[in-house]
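S.K.: pasting the sequence and the predicted model now:
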Amino acid sequence: MSQIRPLSFRLNGVDTSVTVEPRRTVAEMLRSDLRLSGTTVGCEQGSCGSCTVIVDGEPVRACTLFAVQLEGRELRTIEGLARDGSIQALQEAFVEEDAVQCGFCTSGFLVLAAAALESDPFIEDEAIDALVSANLCRCTGYGPIRRAVRKAAKTTRRAT
Amino acid sequence: MRHLGRPLPRLEASPLVSGRGLFTGSMQAGDHLAMRLVRSPFAHARVTSVDVSGALALPGVVAAWSWSDLGDLPPISYRTGDTGRLDGFRQPVLASDLVRYVGEPIAVVFAEDPATAEDAADQVDFRAELLDAFIHPVTSALGGSSDHATVALVEQGFGDVEHAIASADIVVELELEVGRQAAMPLEPRGLIARWDGARNLLEITGAAKIPHIDRDLLADQIGRPASRIVLAEGHVGGGFGARGEIGPEDVLACLGALRLGRPVAWLEDRREHMTAAPQARGQRHIARVAAQDDGRLVAMDVTFMIDQGAYLRPDGLRIAELTAAMLQGPYRLDAFRALGDVRLTNKTPAGPYRGAGRVEGTFVRERLVDAVADRLGLDPVAVRRRNLVAAEEMPAARGVTLGEVPVVYDSGDYALLLKRAEQTFALERLRKRTRTRRSKGEAVGFGLAFFVDRSGGGSGDGVRISVDDTGTVEVVTGAADLGQGLETAVAQIVADILAVPYTDVRVVHGRTDAIGFGQGAEASRSTVMTGTAAQQAAEKVREKALAAAAALIGVSADRLMLDEGEVRPIEHSDAPGLPIGAIAHALRPDRAAALALPHSPDSAGLSAEAWVSLDSPTYPYGLAAAVVAVDEETGAATVERFFVAADVGNAVNPKLVESQLAGGAVQGIGGALSEELLFTATGEPVAISFADYALPTADQVPDIECLITDDAPSPLTPLGLKGAGELGINGAGAAIAAAIDEAIGTPGAVTHLPVTPARLRAVLRGVS
């Protein structure tokens, strides 16, 4: 359809160069071109937050960002966070609190929480509750997710 | 370690917290064709022409079909076995002469990638003459079988309703409505179909909930033997009833794979999901209840209409039947009648959604009970208590049937659950505090609803267990997992019987080539049916292991014990044991004969199979209670606290049960306050994104407070299991409605769910 463009960015700590259509979203690029399907897509409308990724330290919805907008920026996804061990406390808390049912929204919540805990390890419980309201979950009723993120925040604080 | 009854972490979670879930959209290989539907923009129109040539002209488009390209393809059939009278209400795979709802498939495009498929779908030229859309089904009296829109009437009842009503002290009549809503799983639907020419096999991934039943239905639709189709589920991003109902898209993906010789991936987007996936609820009731002055309920007479949409789904009339069969709930009645009128409209076809028919019925029944209490000046909880079917009356025949199966509550101590809930949640104190707040001017109220649910029953659920040489246990089931924790629950049941850690039990589900039959995971059946089959198969394996060990050790089987994965004599419990893996090794077909072990050529190895059949389903029950605050200026209702108490007979894993209750409760809160699929007067859907269909977010719901009891194990299964999947959602709407009434001091104010701010403001304006 449209012109293919070269794109260079940092993906999960690795310098990455690809070519993409300008209309391709970050979510599409990750899932189809780079075969990183841990970033799930629930709405393509920027509402549900399942596709949350971290761009330059900020949580971003990968379905509403064009891939070409990543030029020179740093992108981190659930795969990278899971591999480098930085979300271990969150992963454990999600399992312990039964914050995972079907698991479709889970990547998005983990990435959202990871970004928040990294930028403020002393985040208050109330702020966590507000944070968790950014994404949709249809299985758990949210209580377990709130509890899991609070728990992980405590664990992380203790470790630092 | 004992597993049954313990809140163990779920086995399924590990890949899902690492981004390794294999959801449908994650399984595309590089050579898949993308399938895209062209859907009707009109609610009702006569098709003049569908021209796909514009789509075919685009580079990268492989095929584009309208109805005329399909050949002789039957409309979607019923899995309920309905034929004859309902034949005319089946949906065609693509519309031919008429389109009957916005979103109805009119053409299909296959292209090299999803973006090209979408571009191509835009190039299909569709011409039609608009017809008047039939949107509001209530144009004539309910129950009028002569109405052109009525598909069928469903009737249930017993006793002389007219006489009971005429002779009762009071009669209350209400008109109540539950709006159109949807299950709205977070993963949109999808299907990947691949024809394997080497093996002449059609492999399908994505359809979930009832894999074997879906496979059989698809086999019928495309005219292939079921054994030449394999349906296998991956991870499933939520179901709640909507996923796994075979529709035109599933048939077209299979047809594409067969005709084009390439794998086909259909991945719906959210907007598409909101006009094409099964919708639900959409019931309007005219309900009468008769009671005596002391609060005793005498009779209920309910006529209801279901806004079915343009066609019936494969579940046929099931939701109308469920509504009628379960409407009485937990109360004793002298007479009862329910008449359901299933009506067609120019809207998306309705289908199952968690709590189907029971959410609506509970709302109606509990509104009636609240109205009786108000009319008689009695406490609504006391009125409920006085009418509950007593434990001594169990099993309780309810005088109605679902299909051919009589509704007989298998067990229950409803009064005990009410009492335990009152104690655990300190409901008296809570109600008092709510009254105090109200007397100080706050618009806050308490509401409670009691309900009975239905789970499991029937036949066709089986389990095959085999143990390998390492002692790892494989459990093959015909069930499905939609995120409810099937693998964990089944593993816990098996682990205790075979004395192995539940982490050593691998549960296979959702594969039609792994086991001959299966009923999947619907109607809260998987723990009840598959759990029971797993228990029975595991017991057979255990017996087999002990018999083989007896021969190997030279001690009779009744003097052996199985403990921590090893068999040893009871008298020498500290002796070195024979590992279950070693027994499995000895029972291999090539060794068993040589070792002269008891074995049968019909069941080689350390393995066994069991199938479960229940003449009647089980009937779990529970109550929901809510404290709701109303902002009288904006009409916004806030659920401050929400309680669910439920008896599940025997909770295999209380944590998983609690998760079911809490998740269902929050869906119920959404259904009570914010979720509604509205349509314009000409039938255009108003809700086409999450911005217009308001699922609850975390800031809008409290932590759900749960009480799980097992005071009334089902006598129908050895473990007493009852299903938990639909108990959380069942009473939410009814309890919240009662709480809002109390908050604004107007009994009976809530007659329509969801109670959106706009609707509540209108009620408040009427009040003041």
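M.R.: Received the coordinates, thanks.
S.K.: ends of stretch B:381-395, how far apart?
M.R.: Distance between the two ends of stretch B:381-395: 24 Å, counting by Cα to Cα, to the nearest Å.
S.K.: below-threshold pLDDT in chain A: ranges please.
M.R.: A:1-2 (pLDDT under 70).
S.K.: just the strands in it please.
M.R.: A:5-11, A:14-20, A:52-55, A:58-61, A:74-76 (DSSP state E).
S.K.: closest to chain B out of the ones you listed?
M.R.: Comparison of the strands of chain A against chain B by Cβ to the nearest Cβ identifies strand A:52-55 as nearest, at 10.7 Å. (Glycine included, C-beta is placed from N, CA and C.)
S.K.: what's in contact with that closest one?
M.R.: Identification of contacts with strand A:52-55 by Cβ atoms under 8 Å, 6 or more residues apart in numbering or on different chains yields A:26, A:30, A:39, A:59-62, A:65, A:70, A:73-78, A:81, A:107-109, A:111-112, A:114-115, A:135.
S.K.: contact partners for residue 120?
M.R.: I went with chain A, as the question did not name one. Contacts for residue A:120 were tallied using Cβ under 8 Å, 6+ apart; they are residue A:127.
S.K.: switch to chain B, that's the one I care about
M.R.: Contacts for residue B:120 (Cβ under 8 Å, 6+ apart) come out as B:36, B:55, B:56, B:58, B:60, B:61, B:64, B:109, B:111.
S.K.: JSON lines for those, including secondary structure, pLDDT and distance to residue B:296?
M.R.: Conversion of the contacts of residue B:120 to JSON lines gives the following (DSSP: H, G, I helix; E, B strand; the rest coil; pLDDT from 0 to 100; distance: Cβ to Cβ, whole Å):
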{"residue": "B:36", "secondary structure": "strand", "pLDDT": "98", "distance to residue B:296": "59"}
{"residue": "B:55", "secondary structure": "helix", "pLDDT": "98", "distance to residue B:296": "66"}
{"residue": "B:56", "secondary structure": "helix", "pLDDT": "98", "distance to residue B:296": "71"}
{"residue": "B:58", "secondary structure": "coil", "pLDDT": "98", "distance to residue B:296": "71"}
{"residue": "B:60", "secondary structure": "coil", "pLDDT": "97", "distance to residue B:296": "71"}
{"residue": "B:61", "secondary structure": "strand", "pLDDT": "98", "distance to residue B:296": "69"}
{"residue": "B:64", "secondary structure": "strand", "pLDDT": "98", "distance to residue B:296": "66"}
{"residue": "B:109", "secondary structure": "strand", "pLDDT": "98", "distance to residue B:296": "63"}
{"residue": "B:111", "secondary structure": "strand", "pLDDT": "98", "distance to residue B:296": "66"}
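S.K.: out of these, which end up buried?
M.R.: B:36, B:55, B:58, B:61, B:64, B:109, B:111 (16 or more other Cβ atoms under 10 Å in any protein chain shown).
S.K.: what about the longest helix in the chain?
M.R.: Picking chain A for this. helix A:143-159 (DSSP state H).
S.K.: my question was about chain B, not that one.
M.R.: From DSSP H, the single longest helix across chain B is helix B:531-553.
S.K.: now the element after the one helix or strand residue B:382 maps to, going C-ward?
M.R.: Taking DSSP states H and E as the criterion, residue B:382 maps to helix B:380-387. From helix B:380-387 onward toward the C-terminus, using DSSP H and E, the following helix or strand is strand B:396-402.
S.K.: how about that next one: buried residues?
M.R.: B:396, B:398, B:399, B:400, B:402.
S.K.: pairing partners for it, with directions?
M.R.: If you go by DSSP bridges, strand B:396-402 pairs up with strand B:405-409 (antiparallel).
S.K.: chain center to the strand it pairs with: distance?
M.R.: Distance of strand B:405-409 from the chain centroid (Cα atoms, centre = their mean, to the nearest Å) equals 19 Å.
S.K.: and for it, what's in contact with it?
M.R.: B:325-326, B:389, B:394-401, B:452, B:454, B:457, B:615-617, B:619.
S.K.: what about the strand or helix carrying residue B:662, near chain A?
M.R.: If you go by DSSP H and E, residue B:662 is part of helix B:654-673. Yes. Helix B:654-673 reaches chain A (Cβ under 8 Å from any Cβ of the partner chain) through B:655, B:656, B:658, B:659, B:662, B:663, B:664, B:665, B:666, B:667.
S.K.: cool, thanks, talk later.
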